[in-house]
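A.B. asks: This is a predicted model, with the sequence first.
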Number of protein chains: 2
Amino acid sequence: MQKVNIGIDLGGTKILAVATDRNGVVLGRAKGKTDISGGISGIAEQMRERAGRALENAQLSWADVEAVGMAVPTSVDPRTGEALHAPNLGWKNEPVLPLFRKVFACQVFLENDVNCGTLAEARIGIAAGLPSVAGFFVGTGLGGGLILDGRLRRGERGSAGEFGHQIVRTNGRRCGCGHRGCLEAYCSKAGFSRYLDKQINGRGRKSILTGMLGNDFSALKSSVLGKAYRAGDAVVREALDKGAFALGAGVANVVNICAPDCVVLGGGVIEALGSELLPIIRKSLDAHLFALSPKDVRLEISKLGDDAVPLGAAILAQAEGAV
Amino acid sequence: MQKVNIGIDLGGTKILAVATDRNGVVLGRAKGKTDISGGISGIAEQMRERAGRALENAQLSWADVEAVGMAVPTSVDPRTGEALHAPNLGWKNEPVLPLFRKVFACQVFLENDVNCGTLAEARIGIAAGLPSVAGFFVGTGLGGGLILDGRLRRGERGSAGEFGHQIVRTNGRRCGCGHRGCLEAYCSKAGFSRYLDKQINGRGRKSILTGMLGNDFSALKSSVLGKAYRAGDAVVREALDKGAFALGAGVANVVNICAPDCVVLGGGVIEALGSELLPIIRKSLDAHLFALSPKDVRLEISKLGDDAVPLGAAILAQAEGAV
C-alpha cells in the first residue's frame, strides 16, 4: 500500500494537520486550537491528536505514515533541528525534536512555517515547476521564504529569507524587532496597528475602526481591515496603500538581489485584500526593478491558502534529503 | 605541460590581463588603456594584445592556453553570452562572444566584472573555502556579486546580485538609474558626486574640494575623497559617513535575505577609505541584523585588489561547467 505523509501547521492559536499522498494531494484534514499551558509535551500530544484525526478522515492509520513534517512559527537551526525563538509557543532555543520523535514514533522534520508555505507553492502551488521562488506572507508579521534552484535556502541557523526585516527606509518607522525601517513596520498587521493607533488615538484622525473596535487596534483582524478599506476609510487606506508600496519595493529588492522566477504573495492580509492591493504592489515593484523588465518578473497570489504551510511540511517530510 | 588560463578585466578606461595556473596563481600580467574607437573588433584586438603580453611576461605562449575568461562592465545573459548594456564600451545587447571566440581561436567565456571579483574572493581570496559569499564593490557605481553554495547566482539575463539598486530608502535620493532610494545613490562615487555638488555648489557649503577640483565633482577620484576625508572636511565626511551607514543597511538586507557565510567589500572607495569606513559600515550592519548575531556575520575587505576581477574571469574560464 502507498505510504502517506503528515504535515502539521503548528501556530500560536491553531494546529492544522493534513494527511497527503506522495503527490501532495490532501487525503484528510483536521484542525483545533492550540493550548500551550501543558508545555512542549502538551503540544506534542495535541499535534498527534490532530494528525490522528486527519488520518481517520482519510480512512488511514498510523501504520500508513512514512514521515511527519511540522511547520513552526520560528527559525529552525538546520543542523540541530532546534526551534530558535517562538514567543507565541513560549519556546526559546528549544530542542523539541527528540521529544516529538518519541511521541510520534516515526521520522519527524521541523521547518519554519513560511519556508514550508513557499516550498508548497513552488512545488505544487501557483509557482509549480519553477526552480526559484520567493514567498512573502503578510500576517501579524511579514514572513519570507526563498527557494533557489529547487532548494530551500536556509542559511546559518535558519536565518535566510527574513524578507520582513530588510530595511526599506533607513531611519524610518520603528519595527516590533526594535530596528527602524523594516518592511514589516510598513506592511504587516503589527505595523498597521501601530500606524493606525498613532493616527487615530494619537492624532485624533477619524476612522470607522473606532466604531468597530473602540480604541484598541492591537489585535487587528485582516477581515476588519478589508471591510474598512472597502468602505473607503481614509486612514486605513493610507496605512495599507503605504504598506503595499513598501512591499513592492521589498519584492523588487529580493528580485534585484536573487532573481527568483516567481514571487508569491500570501497570508491573511493578502487573502483579505489581495485584489485591492495587488495593483499597488505591482506598480511599486515595476518602478523599482533594475535589470529586468516588468514582463520578465512574475508576481502571483498564493494558490494553496491555509493548506500551503502544512502541505510544505509534508513535502519536506517526504523528501528531506532532496530539499 | 600544465595548461594556463587567461583572465581579462575589460573596463571602460583600462584592460588588465593575467595568465594564471590552475590554482589561480598569477604567472604574468599586462595592462593598457582601452580605446573604444575601433568598435568591438578593435577591443578584441586590444584584449588579445594584453593577453599576449601577459603570456610573454610568464614566458608562455598561446599554445599553453586552455581558456580565456573576460570580465565586462555589464550584465551578461547566461543563456546566450550576450553583453546586455555597457555604456562605457558603447555596447547594447551586443552578441560579442562569436567575434571574441574567432579572434582568440579558443574557448572564451564572458561574465559580469563584479561577479568575477566576488567569485575570485570566494575561491582564492579573503573568503576562500566559504560556500556562500556576497561581494559589494564601491566604485563609480555600486556593483554586487552573489555566490551561493559554491555557485555564482546569475538569474534571468544575469540580473541577480544588483545590490546597488536595492531600495534602502523609499522615496529617497534620486539614483543615476532613475529610481529613488537605491543604495548606489548613497554609496558610490556617482552618488557622492551628486550629493557634494548639491551641498557645495547648490547650498554654498565650504569644502576643501573646491580648492582641489574647482566646482566640477563629476569625475571624483577615490584618492581625492580619501584626502578630503582624512583632512576632516565636514561635507565629505557627511557624504561618506551617510554612505557607509546606508551600505551597512544594504549589507544587512543581503544577509537577512540570503545568509551568505561572508560579505566582502571592495572597489576603489573601499581601497582608499576602508579603514575609516569599515567601523561605520559594521556598526550599521550589526544594528540592522535580524536573526543572526553580529559575531555570526563575517564582513571582510577584499584581499585580491585589482587582480580579483581578472582572476575571477580566469577561474570561470577554467571551470565554466562547475560554476
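C.D. replies: Cool, the structure landed. Numbering: from 1, shown residues only, chains lettered A, B, ... in the order given.

A.B. asks: Now do the SS call for A:Lys295.
C.D. replies: helix (DSSP: H, G, I helix; E, B strand; the rest coil).

A.B. asks: cool, and the one 5 residues further on?
C.D. replies: Going by three-state DSSP, the secondary structure assigned to A:Glu300 is strand.

A.B. asks: number of nearby residues for it?
C.D. replies: 17 (other Cβ atoms under 10 Å in any protein chain shown). No exception for glycine: its C-beta is placed from N, CA and C like everyone else's.

A.B. asks: Enumerate the beta-bridge partners assigned to it.
C.D. replies: Beta-bridge partners recorded for A:Glu300 (DSSP bridges): A:Val264.

A.B. asks: give the contact list for A:Arg174.
C.D. replies: A:Arg174 makes contacts with A:Arg180, A:Ala185, A:Arg194, as judged by Cβ atoms under 8 Å, 6 or more residues apart in numbering or on different chains.

A.B. asks: And the one helix or strand the last one maps to, how far out from the chain middle?
C.D. replies: To tie it back to what came earlier, the one meant is A:Arg194. Counting by DSSP states H and E, the element that carries A:Arg194 is helix A:189-196. Computed by Cα atoms, centre = their mean, to the nearest Å, the separation of helix A:189-196 from the middle of its chain amounts to 18 Å.

A.B. asks: Contacts for it, please.
C.D. replies: A:138-142, A:173-176, A:184-185, A:207, A:209, A:217-218, A:220, A:222, A:225, A:235-236, A:239-240, A:242-243, A:268-269.

A.B. asks: For ChimeraX, write the select line for the buried members of the residues you listed.
C.D. replies: Buried residues among these (16 or more other Cβ atoms under 10 Å in any protein chain shown), as a ChimeraX selection:
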select /A:138,139,140,141,142,173,175,176,184,185,207,209,217,220,222,225,235,236,239,240,242,243,268,269
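
A.B. asks: Out of the contacts of helix A:189-196, list just those in helices.
C.D. replies: Cross-referencing these against helices under DSSP state H gives A:184-185, A:209, A:222, A:225, A:235-236, A:239-240, A:242-243, A:268-269.

A.B. asks: possible to save those as a markdown table with pLDDT and distance to chain B?
C.D. replies: Converted to a markdown table, these look like this (pLDDT from 0 to 100; distance: Cβ to the nearest Cβ, whole Å):
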| residue | pLDDT | distance to chain B |
| --- | --- | --- |
| A:Glu184 | 97 | 10 |
| A:Ala185 | 98 | 12 |
| A:Leu209 | 97 | 25 |
| A:Ser222 | 97 | 23 |
| A:Leu225 | 98 | 21 |
| A:Val235 | 98 | 20 |
| A:Val236 | 98 | 20 |
| A:Ala239 | 98 | 15 |
| A:Leu240 | 98 | 15 |
| A:Lys242 | 98 | 9 |
| A:Gly243 | 98 | 11 |
| A:Gly268 | 95 | 22 |
| A:Val269 | 97 | 19 |
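
A.B. asks: ok, these vs A:Gly312, which is closest?
C.D. replies: A:Gly268 (17.1 Å; Cβ to Cβ).

A.B. asks: one step back: just put the ones in helices among the contacts of helix A:189-196 in JSON lines and tack on distance to A:Arg169.
C.D. replies: Formatted as JSON lines, the ones in helices among the contacts of helix A:189-196 follow (distance: Cβ to Cβ, whole Å):
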{"residue": "A:Glu184", "distance to A:Arg169": "12"}
{"residue": "A:Ala185", "distance to A:Arg169": "8"}
{"residue": "A:Leu209", "distance to A:Arg169": "24"}
{"residue": "A:Ser222", "distance to A:Arg169": "24"}
{"residue": "A:Leu225", "distance to A:Arg169": "22"}
{"residue": "A:Val235", "distance to A:Arg169": "20"}
{"residue": "A:Val236", "distance to A:Arg169": "21"}
{"residue": "A:Ala239", "distance to A:Arg169": "15"}
{"residue": "A:Leu240", "distance to A:Arg169": "17"}
{"residue": "A:Lys242", "distance to A:Arg169": "10"}
{"residue": "A:Gly243", "distance to A:Arg169": "12"}
{"residue": "A:Gly268", "distance to A:Arg169": "24"}
{"residue": "A:Val269", "distance to A:Arg169": "19"}
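
A.B. asks: Any residues of the stretch 51-200 of chain A in contact with chain B? List them.
C.D. replies: A:75, A:84, A:132, A:144, A:146, A:148-149, A:151, A:153-163, A:165-170, A:172, A:177, A:179, A:181-182 (Cβ under 8 Å from any Cβ of the partner chain).

A.B. asks: Now restrict the residues you listed to buried residues only.
C.D. replies: Counted by 16+ other Cβ under 10 Å, those give A:75, A:84, A:132, A:144, A:146, A:148, A:153-163, A:165-170, A:172, A:177, A:179, A:181-182 as buried.

A.B. asks: Quick check, pLDDT for the residue of the stretch 201-323 of chain A found nearest chain B.
C.D. replies: Nearest to chain B in the stretch 201-323 of chain A, going by Cβ to the nearest Cβ, is A:Ala259, at a distance of 2.4 Å. Note on A:Ala259: pLDDT of 97.

A.B. asks: Spatially, and excluding backbone neighbours, which residue is closest to it.
C.D. replies: B:Gly155 (2.4 Å; Cβ to Cβ, 6 or more residues apart in numbering or on different chains).
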